[in-house]
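*Asks:* Model the structure of this input:
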Amino acid sequence: MTAADNDNDSASLATVAILAFGTFATGTDAFIIAGLLPSIATSLHTTPAAAGQMVTAFALAYAVGSPLVVTAASGWRRRRVLVGSLLLFALVNVVSALSMSLAMLATTRVLAALLAGLFVPTATASASALVAPDRRGRALAIVLGGTSLATVLGVPIGLAVASGVGWRGGFVFVSALATVAAVGIALLLPPVATPPAVSLRARAALLHRPDILSILLVTITANTGAFAVYTYLALIFQPVGGRATVTLLIFTFGIAAVLGGYLSGHGSDAWAAVPVLTVALVVSTINHFLLAVWVGSLATSLLYVAVWGIAGWGTVPPQQHRLVAVAGPAAPVALSLNASGIYLGIGLGSLLGGYVVDTAGPDRLWMVAGACGTLALLLVPLSVTMERRATSRLALDPT
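*Replies:* The predicted structure follows:
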(Lines give C-alpha, C1' and ligand atoms only; values in the text may rest on other atoms or scores of the structure.)
Protein backbone atom coordinates (compact mmCIF):
# COMPACT_ATOMS: atom_id res chain seq x y z
CA MET A 1 0.00 0.00 0.00
CA THR A 2 1.41 3.41 -0.99
CA ALA A 3 1.59 6.53 1.17
CA ALA A 4 -1.20 8.02 -0.96
CA ASP A 5 -3.39 4.99 -0.25
CA ASN A 6 -2.74 5.36 3.47
CA ASP A 7 -3.66 9.03 3.29
CA ASN A 8 -6.87 8.22 1.42
CA ASP A 9 -7.83 5.54 3.95
CA SER A 10 -7.13 7.94 6.84
CA ALA A 11 -9.27 10.61 5.19
CA SER A 12 -12.06 8.09 4.59
CA LEU A 13 -12.02 6.89 8.21
CA ALA A 14 -12.12 10.52 9.36
CA THR A 15 -15.26 10.98 7.25
CA VAL A 16 -16.67 7.78 8.74
CA ALA A 17 -16.10 9.30 12.19
CA ILE A 18 -18.38 12.20 11.20
CA LEU A 19 -21.07 9.67 10.28
CA ALA A 20 -20.52 8.07 13.70
CA PHE A 21 -21.20 11.45 15.31
CA GLY A 22 -24.60 11.33 13.64
CA THR A 23 -25.36 7.89 15.12
CA PHE A 24 -24.10 9.29 18.43
CA ALA A 25 -26.83 11.96 18.20
CA THR A 26 -29.61 9.52 17.26
CA GLY A 27 -28.50 7.05 19.93
CA THR A 28 -28.52 9.75 22.59
CA ASP A 29 -32.07 10.65 21.60
CA ALA A 30 -33.20 7.02 21.82
CA PHE A 31 -31.80 6.38 25.31
CA ILE A 32 -31.92 9.73 27.14
CA ILE A 33 -35.64 9.69 27.82
CA ALA A 34 -35.27 6.91 30.42
CA GLY A 35 -33.51 9.37 32.73
CA LEU A 36 -36.05 12.13 32.07
CA LEU A 37 -39.28 10.22 32.77
CA PRO A 38 -40.04 11.55 36.28
CA SER A 39 -39.49 15.16 35.18
CA ILE A 40 -41.54 14.74 32.00
CA ALA A 41 -44.37 13.11 33.93
CA THR A 42 -44.47 15.96 36.47
CA SER A 43 -44.23 18.69 33.84
CA LEU A 44 -46.92 17.25 31.57
CA HIS A 45 -49.19 16.19 34.46
CA THR A 46 -49.17 12.49 33.71
CA THR A 47 -47.85 9.27 35.24
CA PRO A 48 -44.28 8.00 34.73
CA ALA A 49 -45.71 4.88 33.08
CA ALA A 50 -47.61 7.01 30.56
CA ALA A 51 -44.50 9.10 29.93
CA GLY A 52 -42.60 5.85 29.39
CA GLN A 53 -44.76 5.16 26.36
CA MET A 54 -42.69 7.83 24.58
CA VAL A 55 -40.01 5.13 24.44
CA THR A 56 -42.61 2.75 23.00
CA ALA A 57 -43.62 5.30 20.36
CA PHE A 58 -40.02 5.92 19.31
CA ALA A 59 -39.00 2.27 19.25
CA LEU A 60 -42.01 0.90 17.40
CA ALA A 61 -41.88 3.72 14.85
CA TYR A 62 -38.20 2.92 14.26
CA ALA A 63 -38.80 -0.84 14.02
CA VAL A 64 -41.69 -0.60 11.57
CA GLY A 65 -40.86 2.64 9.81
CA SER A 66 -37.13 2.29 9.13
CA PRO A 67 -37.49 -0.27 6.30
CA LEU A 68 -40.27 1.84 4.78
CA VAL A 69 -38.42 5.17 4.75
CA VAL A 70 -35.12 3.60 3.67
CA THR A 71 -36.86 1.94 0.73
CA ALA A 72 -38.70 5.15 -0.18
CA ALA A 73 -35.42 7.15 -0.21
CA SER A 74 -33.34 4.45 -1.92
CA GLY A 75 -32.95 6.45 -5.14
CA TRP A 76 -31.92 9.73 -3.50
CA ARG A 77 -28.36 11.01 -3.25
CA ARG A 78 -26.65 9.83 -0.08
CA ARG A 79 -25.46 13.29 1.02
CA ARG A 80 -28.99 14.68 0.63
CA VAL A 81 -30.46 11.84 2.69
CA LEU A 82 -27.85 12.06 5.45
CA VAL A 83 -27.83 15.84 5.85
CA GLY A 84 -31.57 16.27 5.32
CA SER A 85 -32.58 13.57 7.78
CA LEU A 86 -30.26 14.93 10.48
CA LEU A 87 -31.42 18.55 10.06
CA LEU A 88 -35.06 17.49 10.24
CA PHE A 89 -34.18 15.29 13.22
CA ALA A 90 -32.66 18.32 14.95
CA LEU A 91 -35.79 20.38 14.24
CA VAL A 92 -38.10 17.66 15.55
CA ASN A 93 -36.12 17.50 18.79
CA VAL A 94 -36.58 21.25 19.25
CA VAL A 95 -40.33 20.68 18.87
CA SER A 96 -40.05 17.86 21.44
CA ALA A 97 -38.51 20.37 23.83
CA LEU A 98 -41.43 22.73 23.24
CA SER A 99 -44.11 20.07 23.74
CA MET A 100 -46.90 21.08 26.10
CA SER A 101 -48.79 17.79 26.05
CA LEU A 102 -48.06 14.09 25.99
CA ALA A 103 -49.76 13.75 22.59
CA MET A 104 -47.50 16.40 21.08
CA LEU A 105 -44.41 14.76 22.56
CA ALA A 106 -45.50 11.33 21.28
CA THR A 107 -45.93 12.75 17.77
CA THR A 108 -42.45 14.23 17.77
CA ARG A 109 -40.99 10.96 19.10
CA VAL A 110 -42.50 9.07 16.16
CA LEU A 111 -41.12 11.61 13.66
CA ALA A 112 -37.68 11.51 15.32
CA ALA A 113 -37.65 7.73 15.12
CA LEU A 114 -38.51 7.71 11.40
CA LEU A 115 -35.70 10.17 10.69
CA ALA A 116 -33.24 8.19 12.82
CA GLY A 117 -34.40 5.03 11.04
CA LEU A 118 -33.53 6.71 7.73
CA PHE A 119 -30.17 8.12 8.82
CA VAL A 120 -28.56 5.13 10.56
CA PRO A 121 -28.89 2.53 7.74
CA THR A 122 -27.85 5.16 5.18
CA ALA A 123 -24.81 6.06 7.29
CA THR A 124 -23.70 2.43 7.60
CA ALA A 125 -24.12 1.84 3.86
CA SER A 126 -22.19 5.03 3.09
CA ALA A 127 -19.39 4.03 5.45
CA SER A 128 -19.04 0.70 3.63
CA ALA A 129 -18.75 2.50 0.30
CA LEU A 130 -16.16 5.01 1.50
CA VAL A 131 -13.38 2.58 2.41
CA ALA A 132 -11.52 -0.31 0.84
CA PRO A 133 -13.11 -3.76 1.26
CA ASP A 134 -10.55 -4.80 3.87
CA ARG A 135 -11.47 -1.76 5.99
CA ARG A 136 -15.24 -2.14 5.90
CA GLY A 137 -15.49 -4.02 9.17
CA ARG A 138 -13.61 -1.26 10.94
CA ALA A 139 -15.72 1.44 9.28
CA LEU A 140 -18.98 -0.26 10.30
CA ALA A 141 -17.70 -0.70 13.86
CA ILE A 142 -16.94 3.03 14.03
CA VAL A 143 -20.37 4.10 12.74
CA LEU A 144 -22.36 1.69 14.90
CA GLY A 145 -20.05 2.47 17.83
CA GLY A 146 -21.60 5.94 17.88
CA THR A 147 -24.77 4.40 19.30
CA SER A 148 -22.82 2.58 22.03
CA LEU A 149 -20.87 5.74 22.81
CA ALA A 150 -24.18 7.56 23.23
CA THR A 151 -24.93 5.48 26.34
CA VAL A 152 -21.47 6.28 27.77
CA LEU A 153 -21.23 10.00 27.01
CA GLY A 154 -24.29 11.36 25.21
CA VAL A 155 -26.96 10.32 27.71
CA PRO A 156 -25.02 11.28 30.89
CA ILE A 157 -24.08 14.68 29.42
CA GLY A 158 -27.65 15.24 28.24
CA LEU A 159 -28.98 14.33 31.69
CA ALA A 160 -26.49 16.71 33.28
CA VAL A 161 -27.79 19.48 31.00
CA ALA A 162 -31.36 18.54 31.90
CA SER A 163 -30.57 18.65 35.63
CA GLY A 164 -29.60 22.30 35.21
CA VAL A 165 -32.28 23.61 32.85
CA GLY A 166 -35.02 20.98 32.94
CA TRP A 167 -35.97 17.99 30.80
CA ARG A 168 -36.52 20.14 27.73
CA GLY A 169 -32.82 20.94 27.73
CA GLY A 170 -32.07 17.27 27.06
CA PHE A 171 -33.86 17.41 23.71
CA VAL A 172 -32.19 20.72 22.82
CA PHE A 173 -28.85 19.04 23.54
CA VAL A 174 -29.72 16.22 21.12
CA SER A 175 -30.76 18.80 18.51
CA ALA A 176 -27.38 20.53 18.85
CA LEU A 177 -25.53 17.24 18.38
CA ALA A 178 -27.53 16.43 15.24
CA THR A 179 -26.93 19.90 13.80
CA VAL A 180 -23.17 19.65 14.28
CA ALA A 181 -23.17 16.20 12.66
CA ALA A 182 -25.22 17.46 9.70
CA VAL A 183 -22.85 20.39 9.09
CA GLY A 184 -19.83 18.08 9.33
CA ILE A 185 -21.31 15.62 6.83
CA ALA A 186 -22.29 18.43 4.46
CA LEU A 187 -18.72 19.77 4.49
CA LEU A 188 -16.69 16.55 4.57
CA LEU A 189 -18.63 13.75 2.92
CA PRO A 190 -17.30 12.95 -0.56
CA PRO A 191 -19.62 11.74 -3.31
CA VAL A 192 -21.04 8.31 -2.45
CA ALA A 193 -22.54 6.00 -5.04
CA THR A 194 -26.23 5.31 -4.57
CA PRO A 195 -26.53 1.59 -3.74
CA PRO A 196 -29.08 -0.62 -5.50
CA ALA A 197 -32.49 -0.48 -3.88
CA VAL A 198 -33.72 -3.38 -1.77
CA SER A 199 -37.47 -3.73 -2.11
CA LEU A 200 -39.82 -4.28 0.78
CA ARG A 201 -40.74 -7.60 -0.80
CA ALA A 202 -37.09 -8.72 -0.61
CA ARG A 203 -36.90 -7.66 3.04
CA ALA A 204 -40.14 -9.43 3.90
CA ALA A 205 -39.05 -12.58 2.08
CA LEU A 206 -36.39 -13.22 4.73
CA LEU A 207 -39.09 -13.24 7.41
CA HIS A 208 -40.57 -16.33 5.74
CA ARG A 209 -37.38 -18.26 6.48
CA PRO A 210 -37.71 -20.18 9.79
CA ASP A 211 -33.96 -19.96 10.53
CA ILE A 212 -33.85 -16.16 10.29
CA LEU A 213 -37.23 -15.64 11.96
CA SER A 214 -36.24 -17.83 14.93
CA ILE A 215 -33.00 -15.86 15.43
CA LEU A 216 -34.93 -12.59 15.28
CA LEU A 217 -37.36 -13.89 17.93
CA VAL A 218 -34.42 -14.32 20.31
CA THR A 219 -33.38 -10.71 19.64
CA ILE A 220 -36.92 -9.38 20.20
CA THR A 221 -37.53 -11.38 23.40
CA ALA A 222 -34.19 -10.54 25.02
CA ASN A 223 -34.61 -6.82 24.34
CA THR A 224 -38.21 -6.82 25.54
CA GLY A 225 -37.07 -7.92 28.99
CA ALA A 226 -34.03 -5.65 29.10
CA PHE A 227 -35.89 -2.48 28.16
CA ALA A 228 -38.81 -3.15 30.46
CA VAL A 229 -36.18 -2.35 33.09
CA TYR A 230 -34.06 0.26 31.28
CA THR A 231 -37.01 2.48 30.41
CA TYR A 232 -37.98 2.81 34.09
CA LEU A 233 -34.47 2.91 35.52
CA ALA A 234 -35.11 6.27 37.19
CA LEU A 235 -38.14 4.83 39.04
CA ILE A 236 -36.49 1.55 40.05
CA PHE A 237 -33.46 3.22 41.60
CA GLN A 238 -35.29 6.20 43.10
CA PRO A 239 -34.77 4.79 46.63
CA VAL A 240 -31.00 4.75 46.03
CA GLY A 241 -30.67 8.38 44.96
CA GLY A 242 -31.84 11.18 42.69
CA ARG A 243 -31.00 12.18 39.12
CA ALA A 244 -27.24 12.26 39.79
CA THR A 245 -27.39 8.61 40.84
CA VAL A 246 -29.41 7.66 37.75
CA THR A 247 -26.87 9.47 35.55
CA LEU A 248 -24.05 7.53 37.20
CA LEU A 249 -25.91 4.25 36.72
CA ILE A 250 -26.55 4.97 33.04
CA PHE A 251 -22.91 5.97 32.54
CA THR A 252 -21.77 2.72 34.16
CA PHE A 253 -24.23 0.75 32.05
CA GLY A 254 -22.87 2.41 28.91
CA ILE A 255 -19.24 1.58 29.65
CA ALA A 256 -20.21 -2.01 30.48
CA ALA A 257 -22.25 -2.25 27.25
CA VAL A 258 -19.30 -1.19 25.11
CA LEU A 259 -17.09 -3.71 26.94
CA GLY A 260 -19.71 -6.45 26.56
CA GLY A 261 -20.05 -5.88 22.84
CA TYR A 262 -16.27 -5.98 22.39
CA LEU A 263 -15.79 -9.16 24.44
CA SER A 264 -18.68 -11.06 22.88
CA GLY A 265 -17.65 -10.01 19.37
CA HIS A 266 -14.17 -11.41 19.90
CA GLY A 267 -15.61 -14.46 21.64
CA SER A 268 -17.92 -15.18 18.72
CA ASP A 269 -14.93 -15.02 16.35
CA ALA A 270 -12.68 -17.17 18.56
CA TRP A 271 -15.20 -19.83 19.59
CA ALA A 272 -18.76 -19.83 18.26
CA ALA A 273 -21.72 -17.48 18.38
CA VAL A 274 -24.24 -19.75 20.11
CA PRO A 275 -22.16 -20.56 23.25
CA VAL A 276 -21.30 -16.87 23.68
CA LEU A 277 -24.97 -15.92 23.22
CA THR A 278 -26.09 -18.58 25.72
CA VAL A 279 -23.63 -17.48 28.40
CA ALA A 280 -24.65 -13.83 27.93
CA LEU A 281 -28.36 -14.68 28.23
CA VAL A 282 -27.85 -16.89 31.31
CA VAL A 283 -25.83 -14.22 33.13
CA SER A 284 -28.19 -11.38 32.24
CA THR A 285 -31.30 -13.41 33.17
CA ILE A 286 -29.93 -14.41 36.59
CA ASN A 287 -28.88 -10.81 37.12
CA HIS A 288 -32.41 -9.56 36.38
CA PHE A 289 -33.96 -12.12 38.73
CA LEU A 290 -31.69 -10.71 41.47
CA LEU A 291 -32.69 -7.09 40.77
CA ALA A 292 -34.71 -6.83 43.99
CA VAL A 293 -31.56 -7.79 45.91
CA TRP A 294 -29.27 -5.40 44.07
CA VAL A 295 -31.49 -2.34 44.72
CA GLY A 296 -30.23 -1.86 48.24
CA SER A 297 -27.26 0.45 47.98
CA LEU A 298 -25.39 2.44 45.37
CA ALA A 299 -22.59 -0.16 45.27
CA THR A 300 -24.89 -3.10 44.55
CA SER A 301 -26.91 -1.03 42.08
CA LEU A 302 -23.73 -0.22 40.17
CA LEU A 303 -22.83 -3.92 40.19
CA TYR A 304 -26.24 -4.78 38.75
CA VAL A 305 -26.02 -2.33 35.83
CA ALA A 306 -22.40 -3.30 35.12
CA VAL A 307 -23.22 -7.01 34.84
CA TRP A 308 -26.35 -6.18 32.87
CA GLY A 309 -24.45 -3.96 30.42
CA ILE A 310 -21.76 -6.55 29.75
CA ALA A 311 -24.11 -9.52 29.44
CA GLY A 312 -27.07 -7.73 27.87
CA TRP A 313 -25.16 -6.01 25.06
CA GLY A 314 -23.05 -9.14 24.79
CA THR A 315 -25.98 -10.76 22.96
CA VAL A 316 -25.80 -8.40 19.98
CA PRO A 317 -22.57 -9.52 18.18
CA PRO A 318 -23.34 -13.26 18.33
CA GLN A 319 -26.82 -12.64 16.96
CA GLN A 320 -25.30 -10.64 14.12
CA HIS A 321 -22.77 -13.42 13.50
CA ARG A 322 -25.57 -15.98 13.25
CA LEU A 323 -27.58 -13.89 10.81
CA VAL A 324 -24.59 -13.23 8.56
CA ALA A 325 -23.84 -16.97 8.52
CA VAL A 326 -27.35 -18.07 7.52
CA ALA A 327 -28.34 -15.14 5.28
CA GLY A 328 -25.33 -15.24 2.95
CA PRO A 329 -25.63 -12.54 0.25
CA ALA A 330 -28.75 -11.20 1.97
CA ALA A 331 -26.79 -10.48 5.17
CA PRO A 332 -27.18 -6.65 4.98
CA VAL A 333 -30.97 -7.03 4.81
CA ALA A 334 -30.93 -9.59 7.64
CA LEU A 335 -28.88 -7.22 9.81
CA SER A 336 -31.33 -4.38 9.14
CA LEU A 337 -34.15 -6.69 10.24
CA ASN A 338 -32.18 -7.46 13.41
CA ALA A 339 -31.93 -3.72 14.12
CA SER A 340 -35.70 -3.48 13.68
CA GLY A 341 -36.03 -6.48 16.02
CA ILE A 342 -33.99 -4.69 18.68
CA TYR A 343 -36.24 -1.64 18.48
CA LEU A 344 -39.36 -3.77 18.43
CA GLY A 345 -38.13 -5.36 21.67
CA ILE A 346 -37.48 -1.90 23.12
CA GLY A 347 -41.02 -0.83 22.24
CA LEU A 348 -42.65 -3.95 23.64
CA GLY A 349 -40.49 -3.78 26.76
CA SER A 350 -41.41 -0.19 27.55
CA LEU A 351 -45.08 -0.99 26.89
CA LEU A 352 -45.08 -4.08 29.11
CA GLY A 353 -42.97 -2.33 31.72
CA GLY A 354 -45.40 0.58 31.85
CA TYR A 355 -48.26 -1.81 32.53
CA VAL A 356 -46.34 -3.45 35.39
CA VAL A 357 -45.37 -0.06 36.85
CA ASP A 358 -49.02 1.04 36.82
CA THR A 359 -50.46 -2.18 38.25
CA ALA A 360 -47.74 -3.56 40.53
CA GLY A 361 -45.02 -0.92 40.85
CA PRO A 362 -41.46 -0.58 39.48
CA ASP A 363 -40.09 -3.02 42.07
CA ARG A 364 -41.82 -5.86 40.16
CA LEU A 365 -40.10 -5.22 36.84
CA TRP A 366 -37.50 -7.90 37.62
CA MET A 367 -40.17 -10.49 36.90
CA VAL A 368 -40.67 -9.19 33.36
CA ALA A 369 -36.95 -9.05 32.64
CA GLY A 370 -36.30 -12.47 34.14
CA ALA A 371 -39.22 -14.12 32.36
CA CYS A 372 -38.26 -12.66 28.97
CA GLY A 373 -34.64 -13.70 29.48
CA THR A 374 -35.77 -17.24 30.27
CA LEU A 375 -37.97 -17.32 27.17
CA ALA A 376 -35.08 -16.07 25.02
CA LEU A 377 -32.92 -18.88 26.39
CA LEU A 378 -35.60 -21.44 25.52
CA LEU A 379 -35.79 -20.04 21.99
CA VAL A 380 -32.06 -20.47 21.36
CA PRO A 381 -32.16 -24.29 20.87
CA LEU A 382 -35.16 -23.86 18.55
CA SER A 383 -33.28 -21.32 16.46
CA VAL A 384 -30.22 -23.60 16.31
CA THR A 385 -32.42 -26.43 15.02
CA MET A 386 -33.86 -24.14 12.35
CA GLU A 387 -30.33 -23.07 11.35
CA ARG A 388 -29.19 -26.68 10.96
CA ARG A 389 -32.22 -27.59 8.85
CA ALA A 390 -31.59 -24.60 6.59
CA THR A 391 -27.91 -25.53 6.26
CA SER A 392 -28.83 -29.14 5.43
CA ARG A 393 -31.27 -28.05 2.74
CA LEU A 394 -28.66 -25.72 1.23
CA ALA A 395 -26.10 -28.56 1.17
CA LEU A 396 -28.56 -30.86 -0.61
CA ASP A 397 -29.80 -28.22 -3.05
CA PRO A 398 -27.35 -25.30 -3.46
CA THR A 399 -29.63 -23.69 -6.01
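*Asks:* Packing partners of the lengthiest helix in the chain?
*Replies:* The longest helix of the chain (DSSP state H) is helix 3-43. Under the contact criterion of 3 or more C-beta pairs under 8 Å, 6 or more residues apart in numbering; DSSP states H and E, helix 3-43 touches helix 48-72, helix 78-98, helix 102-130, helix 136-149, helix 155-165, helix 167-188, helix 233-236, helix 243-270. Every C-beta, even on glycine, is put in place using the N, C-alpha and C of the backbone.
*Asks:* How about the fifth one, which residues are buried there?
*Replies:* Read it as helix 155-165. Of all the residues in helix 155-165, those buried under the rule 16 or more other C-beta atoms under 10 Å are 155-163.
*Asks:* can I get those residues in TSV with distance to residue 253?
*Replies:* Listed next are those as TSV, based on distance: C-beta to C-beta, whole Å:
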residue	distance to residue 253
155	9
156	10
157	15
158	14
159	12
160	16
161	19
162	17
163	18
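*Asks:* and which of the residues you listed is nearest residue 222?
*Replies:* Distances from residue 222 to the buried residues of helix 155-165, taken as C-beta to C-beta, are shortest for residue 155 (20.8 Å).
*Asks:* so the closest one touches residue 36, yeah?
*Replies:* No: applying C-beta atoms under 8 Å, one finds residue 155 not in contact with residue 36, separated by 9.9 Å.
*Asks:* Quick one: residues contacting the residue lying closest to residue 61 once chain neighbours are set aside.
*Replies:* Leaving aside its chain neighbours, residue 61 sits nearest to residue 113 (3.7 Å; criterion: C-beta to C-beta, 6 or more residues apart in numbering). Neighbouring residues of residue 113 by C-beta atoms under 8 Å, 6 or more residues apart in numbering: 30, 57-62, 65, 343.
*Asks:* and with 7 Å instead?
*Replies:* 58, 61-62, 65 (C-beta atoms under 7 Å, 6 or more residues apart in numbering).
*Asks:* and the gap between it and residue 85?
*Replies:* Separation of residue 113 from residue 85 (C-beta to C-beta, to the nearest Å) stands at 12 Å.
*Asks:* Output the buried residues of helix 155-165 as TSV; include the columns pLDDT and distance to residue 305.
*Replies:* Shown next, in TSV, are the buried residues of helix 155-165 (pLDDT from 0 to 100; distance: C-beta to C-beta, whole Å):
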residue	pLDDT	distance to residue 305
155	91	13
156	91	13
157	93	18
158	93	18
159	91	14
160	91	18
161	93	21
162	92	19
163	89	19
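*Asks:* Closest to residue 320 out of the residues you listed?
*Replies:* residue 155 (23.0 Å).
*Asks:* isn't the closest one right up against residue 32?
*Replies:* Yes: here residue 155 reaches residue 32: they are 4.9 Å apart, a contact under C-beta atoms under 7 Å.
*Asks:* so residue 247 sits right up against residue 157, yeah?
*Replies:* No: using C-beta under 7 Å, residue 247 is not in contact with residue 157; the gap is 9.1 Å.
*Asks:* ok, so of the contacts of residue 113, who is nearest residue 120?
*Replies:* residue 62 (8.8 Å).
*Asks:* hang on, the earlier thing: tell me what angle the longest helix of the chain forms with helix 243-270.
*Replies:* 140 degrees (axes from the mean of the first three to the mean of the last three C-alpha atoms, to 10 degrees).
*Asks:* Quick check: buried residues in stretch 102-117?
*Replies:* For stretch 102-117, burial by neighbour count (16+ other C-beta under 10 Å) applies to 102, 105-117.
*Asks:* Report the mean confidence score over it.
*Replies:* Averaging pLDDT along stretch 102-117 yields 96.
*Asks:* Now find how far off-centre that stretch is within its chain.
*Replies:* Centre-to-centre, stretch 102-117 and its host chain are 16 Å apart (C-alpha atoms, centre = their mean, to the nearest Å).
*Asks:* just stretch 93-109 next, same as before
*Replies:* Chain-centre distance of stretch 93-109: 21 Å, with C-alpha atoms, centre = their mean.
*Asks:* How about residues contacting it?
*Replies:* 29, 44, 46, 50, 54, 57-58, 92, 112, 168, 171-172, 174-175, 178.
*Asks:* How about stretch 359-379?
*Replies:* So stretch 359-379 is contacted by 214, 217-218, 221-222, 224-226, 228-229, 232, 235-236, 281-282, 284-285, 288-289, 291-292, 352-353, 356 (C-beta under 7 Å, 6+ apart).
*Asks:* And for stretch 209-228?
*Replies:* For stretch 209-228, using C-beta under 7 Å, 6+ apart, the contacting residues are 206-207, 281, 288, 312, 315, 319, 322-323, 326-327, 334, 337-338, 341-342, 344-346, 348-350, 352-353, 365, 368-369, 371-373, 375-376, 379-380, 382-383, 386-387, 390.
*Asks:* May I ask you to confirm that residue 240 belongs to a helix?
*Replies:* No: assigned with DSSP: H, G, I helix; E, B strand; the rest coil, residue 240 falls outside any helix and is coil.
*Asks:* Narrow the contacts of stretch 359-379 to those in strands?
*Replies:* Of the contacts of stretch 359-379, none are assigned to strands by DSSP state E.
*Asks:* Please state the offset of the worst-scoring helix or strand of the chain on mean pLDDT from the chain centre?
*Replies:* Each helix and strand of the chain was given a mean pLDDT (mean pLDDT, DSSP states H and E); the minimum falls on helix 136-149 at a mean of 76. Remark: helix 136-149 is offset 12 Å from the chain centroid, using C-alpha atoms, centre = their mean.
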